[in-house]
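Undergrad: okay, sequence plus prediction incoming.
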Amino acid sequence: MSKFNEKNITSVRSRPRLALTLGDPAGIGPEVILKALRDPEVSKSCDVTVVGSRDLLVETYTKLQAENSQPLANPAELSILDVLLDKHIQDEIIIGTGNAASGAASFAYMETAIASTVAGQFDGIVTGPIAKSAWKAAGYNYPGQTELLAEKSGAKRVGMLFVARSPFGRLPEGASPHSGWTLRTLLATTHIPLSQVPKVLTPQLMTEKLDLLVECLEKDFGLQSARIVIAGLNPHSGEQGQLGHEEQDWLIPWIEQERKNRPNLQLQGPIPPDTMWVKPGQAWYGSIEPSKAADAYLALYHDQGLIPVKLMAFDRAVNTSIGLPFVRTSPDHGTAFDIAGKGIADATSMKAAIQLAAELVSQRLKIM
């Protein structure tokens with residue numbers, strides 16, 4: 001497969017073209033997509049093509065229209081790249097139950113979206129939620145969609161950045177109003193057991209992740225001199241070696257060296273993990289000015305970063321893969337098989353994922 005060429009994105013065309021994968025068809029992906037695309041605010045600045053099975057999308061639409069009064073996008077009015085499935089696969093898809101058939105379907109949607117994007121048909125991909133267990137049942141042993149995206153696009157370095165825009169707009173009465181503070185959290189390590197985190201973390205890995213974060217902040221968010229907060233690993237950041245030695249052994253020296261190497265950045269850390277999230281929480285809920293919080297936060301492991309992100313922004317955080325040659329976003333929730341087909345899934349995060357992808361592509365169009 002040929003590598004994606006960003007020169008395919010020209011400044012002449014200002015509307016981003018996004019591929020939106022259906023995700024696991026047994027989950028809530030089809031429902032939240034139909035709900036998100038019904039909102040004119042979502043697609044007003046981009047052209048969205050749903051990559052999936054037209055018949056399954058129509059089936060979801062028909063069922064939800066008959067049982068619920070919520071507005072949905074009509075598949076007949078959508079741009080759909082129809083991925084034809086073998087009949088036995090389509091027949092074995094059961095709404096609410098992830099299995100080998102639904103895994104094979106969601107994998108086929110992803111492969112089609114990636115190939116089309118690499119070929120220049122789309123500028124970015126928004127991925128519906130998949131079940132890793134269903135991929136494995138179908139014979140695809142990938143830790144997640146990010147690894148597949150990296151392999152198929154030829155990316156050598158990737159990172160998992162979570163982005164969320166605060167919906168809270170005002171300080172207490174009498175203070176100046178503000179809105180739209182953006183939380184950006186990068187994970188240094190992702191889906192590995194906690195016992196492996198100290199072994200996997202190295203100065204080399206941290207430099208790679210910091211490189212990715214800085215490139216993303218400059219390229220996708222237009223931040224040239226960012227303020228980045230880096231977490232400690234141990235309670236109280238090790239308390240000078242009393243509660244863990246990693247900070248003293250290599251993390252503090254690494255941060256000091258990076259400050260010398262990157263004089264245009266403001267690097268703070270290692271900040272004790274239990275206090276690092278105080279200012280972002282205050283900025284998120286509007287009790288301090290956004291300028292008092294950092295532009296981005298670098299967490300060292302999965303739960304250290306995602307517990308606060310989901311506490312603040314569970315229904316609107318967006319998983320953004322950085323380091324790919326094209327934009328990729330995804331809602332920060334799973335397949336929710338337990339509520340699939342019931343018409344009660346919240347599409348807020350899917351809307352945010354589409355809108356963020358459009359913004360990031362548009363930012364790249366400006367600087368090319």
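TA: Noted; the coordinates are in hand.
Undergrad: all strands for the protein, in order.
TA: Along the chain, the stretches classed as strands by DSSP state E are 17-21, 47-52, 79-82, 124-126, 159-165, 182-187, 227-231, 266-271, 296-299, 318-322, 327-331.
Undergrad: using CSV, please lay out those strands together with distance to A113, mean pLDDT and mean neighbour count.
TA: (Each C-beta comes from the backbone N, C-alpha and C, glycine too.) Conversion of the strands of the chain to CSV gives the following (distance: least, C-beta to C-beta, whole Å; pLDDT from 0 to 100; neighbours: other C-beta atoms under 10 Å):
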stretch, distance to A113, mean pLDDT, mean neighbour count
strand 17-21, 4, 98, 27
strand 47-52, 4, 97, 23
strand 79-82, 8, 98, 16
strand 124-126, 5, 98, 27
strand 159-165, 19, 95, 23
strand 182-187, 23, 97, 23
strand 227-231, 31, 98, 22
strand 266-271, 36, 96, 18
strand 296-299, 27, 98, 26
strand 318-322, 13, 96, 25
strand 327-331, 9, 97, 28
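Undergrad: which stretch among the ones you listed comes nearest S102?
TA: Nearest to S102, of all the strands of the chain, is strand 47-52, at 11.6 Å by C-beta to C-beta.
Undergrad: and for the closest one, what's in contact with it?
TA: 15-22, 25, 30, 33, 37, 42, 57, 78-83, 105, 109, 112-113, 116, 122, 126, 128, 354 (C-beta atoms under 8 Å, 6 or more residues apart in numbering).
Undergrad: in TSV, list the strands of the chain along with distance to P290.
TA: Formatted as TSV, the strands of the chain follow (distance: least, C-beta to C-beta, whole Å):
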stretch	distance to P290
strand 17-21	28
strand 47-52	30
strand 79-82	36
strand 124-126	26
strand 159-165	11
strand 182-187	8
strand 227-231	11
strand 266-271	15
strand 296-299	13
strand 318-322	18
strand 327-331	22
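Undergrad: what's the closest of the ones you listed to Y285?
TA: Here strand 182-187 is closest among the strands of the chain (C-beta to C-beta), at 11.2 Å.
Undergrad: tilt between that closest one and strand 227-231?
TA: Here the directions of strand 182-187 and strand 227-231 differ by 40 degrees (axes from the mean of the first three to the mean of the last three C-alpha atoms, to 10 degrees).
Undergrad: where are the low-confidence patches of this protein?
TA: 1-14, 169-179, 367-368 (pLDDT under 70).
Undergrad: which residue lies nearest the spatial centre of it?
TA: Residue closest to the average C-alpha location in the chain (C-alpha atoms, centre = their mean): N319, at 1.3 Å.
Undergrad: so that one makes contact with G334?
TA: No - using C-beta atoms under 8 Å, N319 is not in contact with G334, being 11.0 Å away.
Undergrad: who touches K35 in this structure?
TA: Q70, P71, L72, A73, A345, A347, M350 are the contacts of K35 under C-beta under 8 Å, 6+ apart.
Undergrad: put the buried members of the residues you listed into a PyMOL selection.
TA: Filtering the contacts of K35 down to the buried ones (16 or more other C-beta atoms under 10 Å) takes a single PyMOL command:
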select buried, resi 72+73+345+347+350
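Undergrad: which one of the contacts of K35 is nearest to W250?
TA: M350 (39.9 Å).
Undergrad: now the closest one: how far from L356?
TA: M350 sits 11 Å away from L356, going by C-beta to C-beta, to the nearest Å.
Undergrad: cool, D123 as well?
TA: Distance, D123 to L356, by C-beta to C-beta: 13 Å.
Undergrad: now L233
TA: 29 Å.
Undergrad: what is the neighbour count of H191?
TA: 12 (other C-beta atoms under 10 Å).
Undergrad: please tell me I have it right and it contacts H302.
TA: Yes - H191 is within contact range of H302, at 6.6 Å (criterion: C-beta under 8 Å).
Undergrad: partner residues bridging the residue nearest to the centre of the chain?
TA: F162, S330 (DSSP bridges).
Undergrad: which residues does it contact?
TA: N319 sits in contact with M160, L161, F162, T329, S330, P331, D332, A353, where contact means C-beta under 8 Å, 6+ apart.
Undergrad: try L85
TA: Counted by C-beta under 8 Å, 6+ apart, L85 has contacts S53, A104, A105, A108.
Undergrad: same question for W254.
TA: Per C-beta under 8 Å, 6+ apart, neighbours of W254: P203, M206, T207.
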